[in-house]
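**Student:** sharing a model prediction with you, sequence too.
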Amino acid sequence: MRDCLLKNRGGFDRVLMTIAATFLTVSATSALATSALAQADPVRNSAAELAIDAAVPRPEPANVPPPTINDFKMDTTASVPDPAKNDAPKADAPKAAEKAPETKPSDVVTAPATDTNAPKNDATKNDATKSDTATTTPAAAPPAAATATPAPEPAKEPTKAASNVPPADQPVADKLREMLAAKSLRYFDRKAERTAVEKFYTAREFAPLWTQAGSLTESGKGVLARLKDAASEGLNAADYPVPDFAGATNPDALAEADLKLTASMLDYARHAQSGRMHWSQVSGDISYPEHPTDPIEVLTNVTTAKDASAALDGYNPPQKLYKELKAKLAELRGQGDGPVIQIADGPALKFTPARGKKLPEAMMEDPRVPQLRAKLGISENADDTHYDAKVAEAVRKFQEGAELKPTGILDDKTVRAINSPKRDKQIDIVIVNMERWRWLPRQLGAPSIGNAYVILNIPDYTLKVMQNGGPVWTTKVVTGQPGIHATPLLTETMKFITVNPTWNVPPSIIYNEYLPALQQDPTVLQRMGLKLDRAADGSIHISQPPGEANALGRIRFNFPNKFLVYQHDTPDKNLFAKEERAFSHGCMRVQNPDIYAATLLNITAPNEHYTPEKIHSMYGHSEIDIKFPTPIPVNITYQTAFVDDAGKLQFRRDVYGRDATMLALLKNTRSKDLENVVAHSQPSYSHPVGNLPAGVNFASDNSFSSGPSFFERLFGPPTPPAPIPGRRGQPQQRRLYYTR
């Protein structure tokens with residue numbers, strides 16, 4: 001019986017031992033706390049309890065490391081920091097944890113963590129009384145490293161990325177950062193440019209643009225060379241100050257020089273592309289498309305180009321006519337932009353080149369040579385008094401431009417030409433014409449039809465149709481009178497032509513001329529063949545029906561614009577015989593409109609095979625519109641200086657005073673104000689409304705009397721036109737001499 005009880009007791013003991021082990025695992029108390037609790041509890045001092053305690057296996061304290069985070073399987077759905085993204089190693093993480101096997105949470109709860117296979121690490125040994133199991137008792141919380149879900153560590157400061165700026169340039173970069181943050185307004189007075197520069201420098205970590213390790217880069221040298229040569233483009237080099245990089249010996253000076261050169265480069269690009277003055281500064285009858293520079297594009301283009309000088313030069317007009325003027329400017333200056341110096345009279349100077357070993361070159365010496373070098377822009381050996389080969393060649397080229405015999409000998413005629421005030425005036429005229437070229441679009445023609453376009457030069461009274469870089473056809477034109485009737489400068493597109501057009505009298509002519517004429521003679525309009533209509537709102541409209549006497553002739557060339565001007569035929573052909581032909585009210589009369597129409601139509605619609613005869617066959621009394629499949633750009637310009645087809649520099653009279661206005665503006669001291677847009681009040685084009693004198697007939701009355709017209713009474717009767725074959729006996733319409 002006792003043996004049976006002992007056997008049963010042994011089994012019972014084993015059950016108690018298992019329960020105790022499970023309890024110990026769940027509570028995760030330390031071995032020391034368990035022992036202390038057993039001593040303090042008198043109930044556990046019984047022999048049975050001591051036997052149970054003795055039967056419970058205990059790990060050796062020195063062989064078990066404390067649990068780590070690797071002993072628990074993390075919740076993959078929780079948001080936890082990625083240790084791989086933390087560059088700094090954790091100093092408090094035990095190295096042995098890297099090889100500790102993973103244990104499921106259920107295993108941790110049901111069995112004691114007595115894995116004797118865990119690696120031993122002297123650096124992580126702790127007191128044997130520290131528990132190796134988890135606990136849920138707050139009062140006996142284990143170290144943070146033993147918790148099942150450790151709290152994420154505080155985010156550490158990200159390591160600063162290594163700078164891409166070379167160490168030698170870092171002090172300059174730091175200074176540039178500081179200056180752009182505080183003083184950028186000193187160098188960039190345009191908000192868009194200032195913003196672009198700050199953005200551009202920031203993107204490159206404020207590394208200097210034009211120097212490396214304190215020395216100018218090739219890009220910097222190219223930009224400097226282009227700015228110093230600004231006068232060759234008709235610009236003023238003083239507008240683009242060049243900093244002294246040689247004298248910049250510290251980061252402050254280098255940073256300031258870098259910003260100054262950037263500012264001058266942006267000014268040059270802007271002036272080269274759009275002009276030193278906005279066209280609205282000159283007159284209210286000028287309207288060209290705006291094409292400003294993009295500062296970011298300029299900075300990127302110039303700093304990344306293989307040839308920075310060529311890249312910056314690319315902002316000047318690309319047109320052939322502009323480049324020809326540039327070449328003539330160099331000839332007028334003798335290849336230089338020297339100061340105004342008077343060369344004294346003296347003996348003729350000549351350079352004799354070497355002819356073999358027996359006849360070496362011969363150079364004359366004269367005290368006037370340094371002045372001559374300065375006048376002709378020869379910077380090399382500026383103080384040399386020898387009339388050498390370089391000076392002789394500059395004199396020869398000057399003689400070519402001055403229409404003198406190009407001998408290279410400085411004789412009396414050459415001296416007088418160099419000192420001539422007329423020469424300086426011609427230089428000024430060429431410069432203002434180069435400035436006007438900057439207003440025009442960079443692409444003058446339509447690319448799809450061989451870059452075809454129309455260009456009309458007001459002072460020369462000529463119109464040219466251009467295609468594939470050359471003239472296709474040229475004719476004479478009549479342009480507007482000086483003053484309020486001046487032909488405007490503009491770029492528009494011609495979209496169609498009208499055969500047998502109706503002339504709708506512009507409101508300005510109705511206001512200023514026809515209404516006063518009606519006050520004097522109420523029947524003047526009907527006797528001129530004009531129709532007077534009044535709309536329901538009381539506005540007045542005057543028109544002239546199609547016909548050979550129409551003020552617009554037989555063809556009107558339409559390019560809609562805000563000035564309400566166009567090109568057209570005219571019944572008054574005699575004006576084309578005059579040398580100066582500024583007679584119209586702003587529109588442009590073309591000498592041979594049928595050839596002009598056929599030329600344009602053959603460019604834009606080549607498969608239709610238009611001829612002047614085909615156009616002429618359409619003449620009648622009904623309007624016919626012929627649309628262009630591809631519109632043709634029309635550029636109305638004002639070129640008082642240009643190079644003709646023979647390569648000769650031509651000058652024309654400044655009929656509208658545009659040259660004088662521009663020179664006065666360019667020579668004043670407010671150059672930066674010249675780029676501002678001037679708002680001009682535009683004339684009102686509303687239809688005239690008002691009371692007409694008694695006796696005025698309207699078109700609806702169908703009462704057109706005959707007799708001398710208002711203008712016939714003023715200027716006499718016109719010359720009778722030649723009879724039209726095949727139309728004998730038909731009444732002839734009176735010709736209108738007062739036209740647009």
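**Tutor:** That came through fine. Residues are numbered from 1 along each chain as shown.
**Student:** and the nearest residue to Phe557 once chain neighbours are set aside, how many neighbours?
**Tutor:** Computed as C-beta to C-beta, 6 or more residues apart in numbering, the closest residue to Phe557 that is not its neighbour in sequence is Gln567, at 4.1 Å. C-beta here means a position set from N, CA and C on the backbone, and glycine is covered the same way. By the measure other C-beta atoms under 10 Å, the count of residues near Gln567 is 24.
**Student:** show me what contacts Gln567?
**Tutor:** Going by C-beta atoms under 8 Å, 6 or more residues apart in numbering, Gln567 touches 456, 463, 477, 556-557, 559, 587-590, 596, 634.
**Student:** same check on Ile632?
**Tutor:** Contacts of Ile632 by C-beta under 8 Å, 6+ apart are 445-446, 449, 452-454, 493-494, 600, 603-604.
**Student:** which of these ranks first by neighbour count?
**Tutor:** Neighbour tally across the contacts of Ile632 (other C-beta under 10 Å): the maximum, 26 neighbours, falls on Val454.
**Student:** any idea which helix or strand carries that one?
**Tutor:** In this structure, Val454 sits in strand 453-457 according to DSSP states H and E.
**Student:** can you map out the helices along the stretch 251-400 of the chain?
**Tutor:** 251-274, 295-304, 308-313, 320-332, 369-375, 389-401 (DSSP state H, counting those that start in this stretch).
**Student:** and those helices as a markdown table, adding mean pLDDT?
**Tutor:** Compiled in a markdown table, the helices of the stretch 251-400 of the chain are given as follows (pLDDT from 0 to 100):
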| stretch | mean pLDDT |
| --- | --- |
| helix 251-274 | 97 |
| helix 295-304 | 97 |
| helix 308-313 | 97 |
| helix 320-332 | 92 |
| helix 369-375 | 88 |
| helix 389-401 | 87 |
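**Student:** residue boundaries of the strands in the stretch 301-450 of the chain?
**Tutor:** 351-352, 362-365, 386-387 (DSSP state E, counting those that start in this stretch).
**Student:** got a list of what the residue lying closest to Ala272 once chain neighbours are set aside touches?
**Tutor:** Excluding its sequence neighbours, the residue lying closest to Ala272 (C-beta to C-beta, 6+ apart) is Tyr315, at 4.0 Å. Residues near Tyr315 by C-beta under 8 Å, 6+ apart: 268-269, 272-273, 293, 298.
**Student:** mind checking which of the residues you listed are buried?
**Tutor:** 268-269, 272-273, 293, 298 (16 or more other C-beta atoms under 10 Å).
**Student:** what's in contact with the strand holding Val454?
**Tutor:** 444-446, 462-466, 477, 479, 494, 567, 588, 600, 632-639, 642.
**Student:** so where's the stretch 551-700 of the chain uncertain?
**Tutor:** Within the stretch 551-700 of the chain, the segments meeting pLDDT under 70 span 669-672, 683-691, 695, 699-700.
**Student:** if we go to 80?
**Tutor:** Scanning the stretch 551-700 of the chain for pLDDT under 80 picks out 668-672, 681-700.
**Student:** now do the helices in it.
**Tutor:** 593-604, 612-616, 658-666.
**Student:** could you say what helices and strands the shortest one packs with?
**Tutor:** Based on contacts counted as 3 or more C-beta pairs under 8 Å, 6 or more residues apart in numbering; DSSP states H and E, the elements that helix 612-616 packs against are helix 593-604.
**Student:** by contact count, what packs against the helix it packs on?
**Tutor:** For helix 593-604, the contact count by 3+ C-beta pairs under 8 Å, 6+ apart identifies strand 462-467, strand 470-480, strand 489-499, strand 555-558, helix 612-616, strand 624-637 as packing neighbours.
**Student:** can you tell me which of these comes nearest to Thr303?
**Tutor:** Thr303 lies closest to strand 489-499 among these, at 32.1 Å (C-beta to C-beta).
**Student:** still on that earlier bit, dump the helices and strands packed on helix 593-604 into TSV; add distance to Pro241 as well.
**Tutor:** Below are the helices and strands packed on helix 593-604 laid out as TSV (distance: least, C-beta to C-beta, whole Å):
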stretch	distance to Pro241
strand 462-467	39
strand 470-480	41
strand 489-499	32
strand 555-558	48
helix 612-616	58
strand 624-637	32
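**Student:** tell me which of these is the most buried.
**Tutor:** strand 555-558 (a mean of 23; mean count of other C-beta atoms under 10 Å).
**Student:** let me know which of the helices of the stretch 551-700 of the chain is the nearest to Ala257.
**Tutor:** helix 658-666 (28.3 Å).
**Student:** turn the strands of the stretch 301-450 of the chain into CSV, columns for distance to Val677 and mean pLDDT.
**Tutor:** Formatted as CSV, the strands of the stretch 301-450 of the chain follow (distance: least, C-beta to C-beta, whole Å; pLDDT from 0 to 100):
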stretch, distance to Val677, mean pLDDT
strand 351-352, 52, 92
strand 362-365, 55, 92
strand 386-387, 51, 94
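**Student:** deepest of these, which one?
**Tutor:** strand 386-387 (a mean of 20).
**Student:** and that strand, what does it pack onto?
**Tutor:** strand 362-365.
**Student:** got the CA positions of the strand it packs on in PDB?
**Tutor:** Taking Å, rounded to 0.1, in the frame of the first residue of the first chain, the C-alpha atoms of strand 362-365 are listed here in PDB:
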ATOM      1  CA  ALA A 362      60.200  97.800 -94.800                       C
ATOM      2  CA  MET A 363      58.200  99.600 -92.000                       C
ATOM      3  CA  MET A 364      57.900 103.300 -91.800                       C
ATOM      4  CA  GLU A 365      57.800 104.900 -88.400                       C
END
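**Student:** what's it packed up against?
**Tutor:** Going by 3+ C-beta pairs under 8 Å, 6+ apart, strand 362-365 lies up against strand 351-352, strand 386-387.
**Student:** and with 7 Å instead?
**Tutor:** strand 386-387 (3 or more C-beta pairs under 7 Å, 6 or more residues apart in numbering; DSSP states H and E).
**Student:** tell me which strands the strand it packs on pairs with, and in which orientation.
**Tutor:** Sheet pairing of strand 386-387 (DSSP bridges) gives strand 362-365 (antiparallel).
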